Each structure stands twice: as C-alpha cells, then as structure tokens.
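Novice: Need coordinates for the following:
(chains A, B, C and D)
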Protein chains: 2
Amino acid sequence: MNRIKDARGFTIGRLSKMTGVNIETIRYYERIGVMQAPDRTANGYRQFTHNDLKRLSFVKKCRELGFSLEEIRTMLVMVDSENLSCGEIHDMTTGHLAAVEQRIRRLRKLKGVLKKMADQCTQGDVPDCPVIDALFETT
Amino acid sequence: MNRIKDARGFTIGRLSKMTGVNIETIRYYERIGVMQAPDRTANGYRQFTHNDLKRLSFVKKCRELGFSLEEIRTMLVMVDSENLSCGEIHDMTTGHLAAVEQRIRRLRKLKGVLKKMADQCTQGDVPDCPVIDALFETT
DNA sequence: CCTTGAGCCCGTAGTCACTACAGCCCGCAA
DNA sequence: TTGCGGGCTGTAGTGACTACGGGCTCAAGG
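Specialist: Below is the predicted model of the structure:
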C-alpha cells in the first residue's frame, strides 16, 4: 500500500517532514520557480514525486552550504538542461569557498575586538563602561 | 568661518561623508528611532550636531561589530538614560561573542565540505560533476 | 536674470529568504 | 454531525538597508 501511495506522490506535509523544509518554504520555492509546480489531486492538493524529493533535498543541502537561491537556480538550470559543465560548477564552488573564507577572516577579527572589549569590563553596576567608552571614542 | 558652520551643524551629506554612513541609511535610522530627529533649517534641511556625529559613529562601529540594531537600541537607551550598567553591557558583548564564535565554527565546517567537493571536480566540460552528484545523493 | 546641477526633501517599493497569518475548503474519525 | 488536522490562496511582516520618483532649494556660471 505504501508503495502505491508513494507512486502517487506525497502531500506537501509529507515532503516537508521528509526533507525538513518548512511547508511555507516549499510553496515559496514553487512561487519563485526553484521548484516546479507539481501536479494536483482532484481536490487541489499538491502531489509531489520522488523527483521533487531529490530536487528539494538538493536545494536544502545547497542552502545549508550557504549558496544563495540565485546560485542554486543556476545549478538547477544546468541540471535541468543536462548541459552540465563541471568546470562551471567548480568555479562557483571555489568562488563561494573564497567568500566563506573571507567571512571567517572578518569574524575572527571581530571576535578579537569583542573579546578585548569584554575583558576590560569591570562588570560592575557602575555607570562607567569601557566598552561604551571604546565605542564612543572618536578614533 | 568653518567653526561657525560647525556650530550650526552639518547637513546630512556632510554627516554621511564624515561617518561613511549612507544618506538613506541615516534617514532610515531616524525613521526607526535609532537617531533622534534633528532640528531643521528654515528650508527644512536636517541640521546635525556634533552629538549626532558621535552617536552615528557609535552605531556604525556597533554594526561593524555585528550587533543588531535592536541590540544597539538597547545600548543607546542605557546611554541616554545615563543608567548604564557595565555588567549588562558585558553580558551583551560576551553573548554576542559566543554567537560570533558559533558562526565561525559553522563556517569552518562548511568550508571543509566545499573544499572537498571542489577538489573532487575534474573541471572538465563533461556533463558529469562530483559536486552535483554529492549534492544529489540521498544520504 | 535664467539655467544648470548638486544636494536636500518625502514617501514608497524592492531586496533576500523566508515566516506568519487570515480565511477558506476537504476528508476522516468519533 | 461535529471537530480536527491537514491542505489551499493571497498578503503582509521580518532586518537592515537601498533605490527610485518627483519635487524643492541654493550657489555658480553664462
């Protein structure tokens, strides 16, 4: 029975649970064209296929890796057109990697400043705080 | 002459140049109450004071350190009410620090995955890409 | 005196990636 | 039959801006 049900497709709630992607987000992806509009049952419910499941999992993984929906769209266009160039994907990935590294560097610097500020704090109830002073300095 | 001009305050453009904060952003800060509405000249132009300059620089530094406008608002309320508790500020700073450290950890993990994927790429024009394969895998 | 251009004004809409909500319908179990 | 858990749509809100359109003012140049 389950196999027949699966063959007929899943509802949005089931797909949501399987992928961990919010129902509203799935509908959003459909609206902006990242997911194709699925078939509907007689009562208007969306019917997702195993293909949709794969596609949505792909999108989710990419999002978790920090790719923008725009980047994901580009990848999906390549996938859909079967005009996949490994070189292009490599470039996108390394480009994205560079951005991530940059972000890490920035955050590390930031962390240093925050740590230094916090360390100078007396933590008292007194109305005198080196953090605020530091931030108000006209350097 | 310059001193008199300064005493009368600066225009929004001048403040923008001095702080590096976009004009639109300054108006936005006024709208949401992070900056107080300044006096106006006869022709309706905003007239910012040296105090505004200090405040805006403070906001900018905080933003660069990754504090949200909501957090900044909290700090400014303390500053304004002169009810400044160094302990509270310390807590905010270390809390923020923890968040930053978490973000760094996540990004580092992500970087590892991206690097591994990119390294597996043949970079060829062939329609076969380990990155896409990896992302489409049902793990 | 007139024009031109820079700078200011306001209000609104767009960005990204969702999330939330209102108000409705549908199917199933008690 | 009534309640409940799902599904549907369309719209608005989030954060932190950014952009734009249409109009006003001011100083300098022709």
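Novice: domain ranges for chain A?
Specialist: What automatic domain parsing lists as the domains of chain A is A:1-67, A:85-139.
Novice: Compile those domains into a markdown table and extend it with columns for mean pLDDT, mean neighbour count and distance to chain B.
Specialist: For every residue, glycine as well, the C-beta is placed using N, CA and C. Supplementary listing: these in a markdown table, determined by pLDDT from 0 to 100; neighbours: other Cβ atoms under 10 Å in any protein chain shown; distance: least, Cβ to the nearest Cβ, whole Å:
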| stretch | mean pLDDT | mean neighbour count | distance to chain B |
| --- | --- | --- | --- |
| domain A:1-67 | 87 | 15 | 5 |
| domain A:85-139 | 80 | 16 | 4 |
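Novice: residues in contact with A:R63?
Specialist: By Cβ atoms under 8 Å, 6 or more residues apart in numbering or on different chains, A:R63 lies in contact with A:69, A:72.
Novice: three-state assignment of it?
Specialist: Using DSSP: H, G, I helix; E, B strand; the rest coil, the structure places A:R63 in helix.
Novice: who touches stretch A:100-115?
Specialist: Counting by Cβ under 8 Å, 6+ apart, A:66, B:64-66, B:93-94, B:96-97, B:100-101, B:103-104, B:107-108, B:110-111, B:114 sit against stretch A:100-115.
Novice: just checking, which of those residues belong to helices?
Specialist: Among those, DSSP state H puts B:64, B:93-94, B:96-97, B:100-101, B:103-104, B:107-108, B:110-111, B:114 in helices.
Novice: Next, name the residue at the spatial heart of chain A.
Specialist: A:R63 (2.5 Å; Cα atoms, centre = their mean).
Novice: Leaving out chain neighbours, which residue sits closest to the residue in chain A positioned nearest to DNA strand D?
Specialist: At 2.3 Å from DNA strand D, A:G13 is the closest residue in chain A, using Cβ to the nearest atom of the strand. Spatial nearest neighbour of A:G13, chain neighbours left out: A:I23 (6.4 Å); criterion: Cβ to Cβ, 6 or more residues apart in numbering or on different chains.
Novice: who touches that neighbour in this structure?
Specialist: A:I23 makes contact with A:12-13, A:16 under the criterion Cβ under 8 Å, 6+ apart.
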